[in-house]
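Student: give me a model of this one.
(4 chains)
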4 protein chains.
Amino acid sequence: MQFSSDNWAGAHPRVAEALTRHASGFAAAYGLSDLDRRIGQKFNDIFEREVAVFFVGTGTAANSLSMAALSRPGGVAFCHREAHLIEDEGGAPQFLANGIRLEPVDGNLGKIDPQELDAAIRRFPPEFVHAGQPMAVSISQSTEIGTVYEAGEIERIVETCRRHRLPLHMDGARFANAMAAVGQSPAEMTWRRGVDILSFGATKNGCWCAEVLVVFDPDKAVDLPYLRKRSAHLFSKSRFISAQLEAYFADDLWIETAAHANAMAAELQSVFEAAEGTRLAWRSQANEVFAILDRDRFKALLEKGAHFYEWKTPRFAAGLVGENEVITRLVTGFATTPEHIAEFAALLEKT
Amino acid sequence: MQFSSDNWAGAHPRVAEALTRHASGFAAAYGLSDLDRRIGQKFNDIFEREVAVFFVGTGTAANSLSMAALSRPGGVAFCHREAHLIEDEGGAPQFLANGIRLEPVDGNLGKIDPQELDAAIRRFPPEFVHAGQPMAVSISQSTEIGTVYEAGEIERIVETCRRHRLPLHMDGARFANAMAAVGQSPAEMTWRRGVDILSFGATKNGCWCAEVLVVFDPDKAVDLPYLRKRSAHLFSKSRFISAQLEAYFADDLWIETAAHANAMAAELQSVFEAAEGTRLAWRSQANEVFAILDRDRFKALLEKGAHFYEWKTPRFAAGLVGENEVITRLVTGFATTPEHIAEFAALLEKT
Amino acid sequence: MQFSSDNWAGAHPRVAEALTRHASGFAAAYGLSDLDRRIGQKFNDIFEREVAVFFVGTGTAANSLSMAALSRPGGVAFCHREAHLIEDEGGAPQFLANGIRLEPVDGNLGKIDPQELDAAIRRFPPEFVHAGQPMAVSISQSTEIGTVYEAGEIERIVETCRRHRLPLHMDGARFANAMAAVGQSPAEMTWRRGVDILSFGATKNGCWCAEVLVVFDPDKAVDLPYLRKRSAHLFSKSRFISAQLEAYFADDLWIETAAHANAMAAELQSVFEAAEGTRLAWRSQANEVFAILDRDRFKALLEKGAHFYEWKTPRFAAGLVGENEVITRLVTGFATTPEHIAEFAALLEKT
Amino acid sequence: MQFSSDNWAGAHPRVAEALTRHASGFAAAYGLSDLDRRIGQKFNDIFEREVAVFFVGTGTAANSLSMAALSRPGGVAFCHREAHLIEDEGGAPQFLANGIRLEPVDGNLGKIDPQELDAAIRRFPPEFVHAGQPMAVSISQSTEIGTVYEAGEIERIVETCRRHRLPLHMDGARFANAMAAVGQSPAEMTWRRGVDILSFGATKNGCWCAEVLVVFDPDKAVDLPYLRKRSAHLFSKSRFISAQLEAYFADDLWIETAAHANAMAAELQSVFEAAEGTRLAWRSQANEVFAILDRDRFKALLEKGAHFYEWKTPRFAAGLVGENEVITRLVTGFATTPEHIAEFAALLEKT
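Tutor: Numbering: from 1, shown residues only, chains lettered A, B, ... in the order given. Sure thing, here's the model as predicted:
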């Protein structure tokens, strides 16, 4: 009953198998091997256009180097108040992008409210050097709390960006889960809507360590090889990432694992809805479940072997929680099985 | 006949096997799993003292974060003129250590000359703020050109460091090869001599991607978790590095692969010594071979399928090379076989 | 009727006279002249202890280098939501302190609420590397909105700092005005309360350009000469700052100008209290006045030659302002005269 | 007999007078006053084209922000081995330009040799990410050792820059002295030759503190307001720099003081040429004199009240100096008088 996070799993068997398969032989280092090029080409196919891709080892690196690529001196980037970029990167975006400022924007259900975004940007008027200059907007898809931006919602964010001539970054640490949830193609969910740069995550969805920075206009990626190298994120045996991605994309494994994780989350949501004395904090569309529990019951579940965390109540959800209640987060993944869910359901019933 | 670099190989079969073995199941992320702790403990055993270890994905990261850990404002670090730190990290040490300066020091055979080092440090006198403040010395073991510091040589570097109250970093991208070459224990080659911080490389010697920053006085490592995180080098599924290292250390695989690579290099050196019209540029002790060839013959060898590079002639070796000659570098590794050497010897003879 | 800001004035005649007096002759550059030393000693006298002082040219530099001196990797500094450090330094603290994060803390009347501060710091628990590590707290004295921390209020902030082992910085851009307001000595208002490092501003209060970073424990200032130099803030003809400060301190000119500016502000507050249809937003104790005006009347005053700005309504004051009203800020200084006030009063009456 | 440096003088009387004249009254802060605009316009006149100018307080800031403006990730800037940028800025260029590397280039008499420059740039081939990417070339006019680039010499540097598509920066800390030496107009010495960005120094030549970053193509200066602010170099009472420059330019004071300083240096050179047992190290064209003295005689001169420094022997001059000899530097300035020279000549004769 391990629901702590989707990074507590290891790697999908087919990913491990690919690593073994590519372990022998020699190939050019630093991303110049045939395999690296083939996987690079695969991204063109997936996104239905030529893109520039940069493999890195952590989601923090993909997000921070995206910010570095968009960085301007005195730069201010706008993200949702709960965004991983602000809350969980340990200052890496600020450091790797030369001291930028991340400005929180409010919005319900983990999504930036376009009007709040517009108001936030206006607090940094052009040429008022004392406040800093807006440089980018970042959204997470799926969001930190399991929700997913609809196409129309992204379009309204993009409109606001365009009004202020700002590029849009998408943190896709759980990109596949979002795709599976809304049934859109990678292109539809990104550049066709106006997204300029994407952190494409594969680690949580079945790889050991495979994150990709995707720049939709390759002409704008000219400095990225140097940004990656100067932050020490260029792997010598880069093909070990390509090998993982080869398996990840083969036979649409990534869609399959994401859909599976989402389905497990849906089942887990049903468990909470059916159980007495609990309720969902909000409906998740991806692979995270947020449930409200009595604090004592939460502790009892932990003691009995369930693994999941309390979730800091987001500002927008402040009114949802009673005095002795906590919001908890349960994450499913490619390694979650129906048996795990059933075991948890049984435990919840008797606790 | 692939002698381009030791990072053109993949991973040792036992490393690949370990990755597969640990791919299933759940474990705490971010380096807190049992396996991570066990491998951490293994480092204490190997170095015969309690050390603080930080896993990262690239040698550039290990070196740059070492510099960041030792960094002081306006800091100047001293390395050999040919050091990887200066020549091959793309500015990462300067960037990740907040704008430090790397000052080249001369010395024969890729090793810092202690007197040159002393003179270099004296060019930055204490409290002369305009020049910057000395912050650290870094040596490579084995060096960029296959030589290895003897114990006495390290001691003389350490004496110079102590005279100026500077810590000593060792770039051990090929640490195991150096150990195998001089037959010293890890402790003897590092902290017992006065080394303060080590970049311990395992990637070139059989792993996919496993580099470890080792701090010999754990009390001085208090900021390193944050330095690693803020540069985006903390892996979520950190145990994929631990898994590689588990296999790397088991049954002394790392000693075996390093000794094998060195032996292959020795054999290759014999090939050059036996061949007509070629000679060694200098004698290597580790897994790199530097041979002087006529330029036309070098080109012919490449055309016939041998893979190795011309090596930029180091300052100290300027007199060694004739007009139409080039210094070439050939690197052996865990995946080099006697057959590769024999094949190359045959090719060399008839070219 | 110039109330735009206290940096719209030039320099006090006695400051200008000192610059002329010291313009001839030769003296050691980079802060090593006799005059520089004498002014350094003067700071010891003023603060009743040995302090380390560093002259810089801007308040932004004093604040940012204070942060740099206290900086830790992944560092988070806590300031009031309206603090100059967050709102008006154009990202300089983040940049010069290696990518730190400035975390806003709420509190009424421009002062940090100690309980809010404690809660804010607790959101960054020790060893939770993903959030960053708390590194310092900063308060402004006087505050951005003309209020002044009482001794007891500073003590409660210090208690919170000590509980979390954090140093306390004071932004004293208007330090003299605060002193004049509360009638405390420099020592009482700073290190005797627990302040560790101070940005001591003299520019707004009569100098052309003279800001001083004061470190109360000189042992902790060892890196500051390098921090100042590496950010290009070490003046060659440093004595031009010392010359200004010589005049600034002679015959307590600084106390006199600050008290005068405060008195002018008090008079201006009386004008608003006496006038019909206006009121103070809150009572200022220093040299800034915040008055609520009908927006049309505000515009009319500007058109008729009064110079002052609308003030962005702070969060805590949101309820104070009616629909067509604005909060305005009027700043007095050493160059403000009773005639300026009288002229404004007359204008207000008839507008 | 004060020849230590041209920054040991104070300010020219007319500069001091201007500061007093502008001390009263109110004017817009942060460089937006009428005076600031007028001085900005004056730069257009002086350079015979529209330029973008940014006032800062130190030469280190002008140089470092020039590098920041030209900075690219992993950037490498090329300067003469003796350049102030490398030797005397305490790491500020590296820090303020996000961790760039400054690569020394050799050349006789303090001037970059175009062939050496070309060879140095070629050591950083395009797309070889491990070495870093060339970003700019910087020359000093006049140089660190009193020599001046002829027009043809600058052109050959520019050709090399253009071949590698690199912009050219000129460190003009002693720009007026160079102009006076070669009798060229500001335009002829800069953008008409191909210089892109200039550090225009006025401090050494008669101001207290007035350095100006001049960008010849204003379209390329769009980020500079933010670069200056984020490094804390935007003065609030910016007009105190404009006031100095008003006097500096009025009636060509700057040309007059520079020509005077150069003439004093020429006279001092004659003194050394006429004296027995001394000789010039090389002929200076600007306001610095480099003379070779017996070490004992040098010490005796210091003891008898002459103030000047030993100069570290540059690489190109290694053969010029005998065993007990030192190269010394003597600097003249606007405040140097014929009486100072005569006094020194008399002292030299009897020592």
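
Student: so A:Gly31 touches A:Lys237, yeah?
Tutor: No: assessed by C-beta atoms under 8 Å, A:Gly31 is found out of contact with A:Lys237, at 9.8 Å. In this view, the C-beta of every residue, glycine as well, is placed from N, C-alpha and C.

Student: who has more neighbours out of these two?
Tutor: Neighbour comparison, A:Gly31 and A:Lys237: the larger count goes to A:Lys237, with 28 against 24 (by other C-beta atoms under 10 Å in any protein chain shown).

Student: measure that one to chain B for me?
Tutor: 6 Å (C-beta to the nearest C-beta, to the nearest Å).

Student: A:Gly91 too?
Tutor: Taking C-beta to the nearest C-beta, one finds A:Gly91 at 5 Å from chain B.

Student: got it, and A:Ala274?
Tutor: Counting by C-beta to the nearest C-beta, the gap from A:Ala274 to chain B is 25 Å.

Student: what does A:Ser140 give?
Tutor: 16 Å.

Student: touching, that residue and A:Met170? I think so.
Tutor: Yes: using C-beta under 8 Å, A:Ser140 is in contact with A:Met170, at 7.4 Å.

Student: and the gap between A:Leu32 and A:Leu234?
Tutor: Per C-beta to C-beta, to the nearest Å, A:Leu32 is found 11 Å from A:Leu234.

Student: whoops, A:Thr351 was the one
Tutor: In terms of C-beta to C-beta, A:Thr351 sits 49 Å off from A:Leu234.

Student: these two: who's more crowded?
Tutor: Using other C-beta under 10 Å, the more surrounded residue of A:Thr351 and A:Leu234 is A:Leu234, with 27 against 17.

Student: just the element for the closest residue in space to A:Glu50 that isn't next to it in sequence, please.
Tutor: Distance criterion C-beta to C-beta, 6 or more residues apart in numbering or on different chains; nearest residue to A:Glu50, sequence neighbours excluded, is A:Asn44 at 5.4 Å. According to DSSP states H and E, A:Asn44 maps onto helix A:34-47.

Student: other SSEs contacting that helix?
Tutor: Other elements packing on helix A:34-47 under the criterion 3 or more C-beta pairs under 8 Å, 6 or more residues apart in numbering or on different chains; DSSP states H and E are strand A:52-56, helix A:186-189, strand A:211-215, helix A:239-249.

Student: for chain D, what's the nearest residue on the stretch 201-350 of chain A?
Tutor: Relative to chain D, the nearest point of the stretch 201-350 of chain A is A:Tyr226 (3.7 Å; C-beta to the nearest C-beta).

Student: mind listing what that residue touches?
Tutor: For A:Tyr226, the contacting residues are B:90-91, D:72-75, D:129, D:132-133, by C-beta atoms under 8 Å, 6 or more residues apart in numbering or on different chains.

Student: hey, where'd the strands end up in chain A?
Tutor: Secondary structure of chain A, counting by DSSP state E: strands at A:52-56, A:75-80, A:101-105, A:133-140, A:168-172, A:197-201, A:211-215, A:279-280, A:288-294, A:309-310, A:325-331.

Student: save those strands as JSON lines, and put in mean neighbour count and mean pLDDT too.
Tutor: Output for those, formatted as JSON lines (neighbours: other C-beta atoms under 10 Å in any protein chain shown; pLDDT from 0 to 100):
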{"stretch": "strand A:52-56", "mean neighbour count": "24", "mean pLDDT": "98"}
{"stretch": "strand A:75-80", "mean neighbour count": "27", "mean pLDDT": "98"}
{"stretch": "strand A:101-105", "mean neighbour count": "22", "mean pLDDT": "97"}
{"stretch": "strand A:133-140", "mean neighbour count": "26", "mean pLDDT": "98"}
{"stretch": "strand A:168-172", "mean neighbour count": "27", "mean pLDDT": "98"}
{"stretch": "strand A:197-201", "mean neighbour count": "27", "mean pLDDT": "98"}
{"stretch": "strand A:211-215", "mean neighbour count": "25", "mean pLDDT": "98"}
{"stretch": "strand A:279-280", "mean neighbour count": "16", "mean pLDDT": "96"}
{"stretch": "strand A:288-294", "mean neighbour count": "23", "mean pLDDT": "97"}
{"stretch": "strand A:309-310", "mean neighbour count": "15", "mean pLDDT": "96"}
{"stretch": "strand A:325-331", "mean neighbour count": "24", "mean pLDDT": "97"}
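
Student: and of those strands, who's closest to chain C?
Tutor: Using C-beta to the nearest C-beta, the strands of chain A put strand A:101-105 closest to chain C, at 5.6 Å.

Student: turn the strands of chain A into CSV, including distance to C:Asp252.
Tutor: CSV is the format used below for those (distance: least, C-beta to C-beta, whole Å):
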stretch, distance to C:Asp252
strand A:52-56, 60
strand A:75-80, 42
strand A:101-105, 40
strand A:133-140, 42
strand A:168-172, 55
strand A:197-201, 58
strand A:211-215, 60
strand A:279-280, 67
strand A:288-294, 62
strand A:309-310, 57
strand A:325-331, 59
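
Student: closest one to A:Ile241 among the ones you listed?
Tutor: For A:Ile241, the closest of these is strand A:52-56, at 4.4 Å, according to C-beta to C-beta.
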